[in-house]
Each structure stands twice: as C-alpha cells, then as structure tokens.
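**Student:** Mind folding the following:
(one chain, ligands or ions: 1)
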Amino acid sequence: MWDEWLTKSKPVMPVIVIDDIDTAVPMAQALVAGGVKLLEVTLRTPAALAAISEISRNVPEAIIGVGTVTSPDQLHAALNRGAQFAVSPGFTPNLLAAASEWGGPFLPGVATPSEVMQAREAGFTKMKFFPAVPSGGRSMLKAIGAPMPEVSFCPTGGISAETYHDFLALDNVFAVGGSWLTPPDLMSARNWQAIKDLASDI
Ligand SMILES: O=C(O)C(=O)C[C@H](O)[C@H](O)COP(=O)(O)O
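**Tutor:** Numbering: from 1, shown residues only. This is a model prediction of the structure:
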C-alpha cells in the first residue's frame, strides 16, 4: 500500500493537530495542492475524528490516516470515520493484535532494536521511528538497519524542513513525518497559501 501511495504523494507525512473542524478541509486541500497527500490527523483533539471524516468525504485526493492511536478502540473509531492508515507513537500487544486483525496499513511506533524485533515478530515491516531525533536520529536508523534490513521506517519527532532530506536519504526510510508543514500559527491564521507553499517546497 505504502509503495503505491508513495507514487502519488511526496514522501513527507504532516502530523496534523486540528483544533477547529472548519480548518480540516481547506488545510487538506492546501497540502494536496502542494503534492503532499499522505495526511496524519492526530487523535489529540476532540475535533480529530470529525476532521478525518470531513477530509475523507471532501478531499478525495488525500490519503487520510489517523495518528496518536494508542488503543484498539481508537483504531476502530478512526477506521469507521474513513481513515485509510493508522500510526501509533508506540505499541501494545492489544494494539498490534487489533491492527493485525484489521490487516490494513498500520505503523507501530518503535525507538529501540528490541521494539523493532517485537513489531517485526507480529508481522509488521514498516514502522514509525519515534521520537526520531531524541532517540538517536540518523545514526540510530543506520545502526538498526544493519541487523534488520527488511524493516523500513517513517522517522518522526524533531525533524524539520532543514533536516528531512537527510533522513529520506537513508535506505531504510520510506517517508518522514513532522508537524512543520502545519504550524499552529499558520493554521489559526488560516493561511492556506503558506501551507501550500510549505508542501510545494518539499
Ligand atoms: O501525536 C503523535 O502520535 C506522535 O507520535 C507525536 C508526533 O508524531 C510528533 O509530536 C511530531 O513531532 P514534531 O514534528 O517534532 O512536532
């Protein structure tokens, strides 16, 4: 799935916090217009689930996903609202089981070799490396890649417009995540042109 999606979208996944439901659709349209189509809406705000359904219904070019999934209930709620993929900052046995039962694209969050091995054992080969920079950044990803070359990562956490290229250059990185494409000041100012420009610059 990710391979097909990455033929349509730039390999950068905005990590989106929606405070106001009315911003969901124009924000998604701006990102899509800039070529960024993989959108991770985090379940950090009360508006998040409604935002996922609004984007799913109104922005057909967007590949809408849910982030900050920490329980099976949250996963199911987001899938019911139209999420096409799901991302977690970590994993639990229950969450891995629910994601396996669903069978769709799920990125468990990992930060150590043992966590990578546990998620691998549960059948996952694509993971979120979180928090990427505090957990060792590029040198950690390179080190993990040596014994586990079959696993690839979406590093997220502490990555910026200045550094995302360096992560994408690694063999075991398929995409990079971050909040810099949808900064709170541009979101609250509803500056969709500036958000489109940030996406276009990728
Ligand atoms: O909400 C989640 O599910 C998370 O796992 C956290 C986010 O991925 C990071 O907070 C993004 O990091 P920044 O790009 O440094 O802002």
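**Student:** For residue 15, the count of nearby residues, please.
**Tutor:** 23 (other CB atoms under 10 Å). Heads up, the C-betas are built off the backbone N, CA and C, glycines and all.
**Student:** Do I have it right that it meets residue 177?
**Tutor:** Yes: taking CB atoms under 8 Å as the definition, residue 15 is a contact partner of residue 177 at 5.3 Å.
**Student:** List the buried residues in whichever strand or helix holds residue 96.
**Tutor:** Assigned by DSSP states H and E, residue 96 falls within helix 93-102. Buried positions in helix 93-102, judged by neighbour count with 16 or more other CB atoms under 10 Å: 95, 96, 98, 99.
**Student:** Please name the residues that touch the residue lying farthest from the centre of the chain.
**Tutor:** Taking CA atoms, centre = their mean, the residue of the chain most remote from its mean C-alpha position is residue 147, at 24.7 Å. By CB atoms under 8 Å, 6 or more residues apart in numbering, the residues touching residue 147 are residue 113.
**Student:** Low-confidence ranges, this structure, go.
**Tutor:** The chain contains no residues with pLDDT under 70.
**Student:** can you give me the helices for it?
**Tutor:** Per DSSP state H, the chain carries helices over the ranges 2-8, 24-33, 48-58, 72-80, 93-102, 113-121, 137-145, 164-168, 184-188, 192-200.
**Student:** What about the residue nearest to residue 155 when sequence neighbours are not counted, how many residues nearby?
**Tutor:** Among residues not flanking residue 155 along the chain, residue 132 sits closest, at 3.6 Å (CB to CB, 6 or more residues apart in numbering). Residues contacting residue 132 under the criterion other CB under 10 Å number 26.
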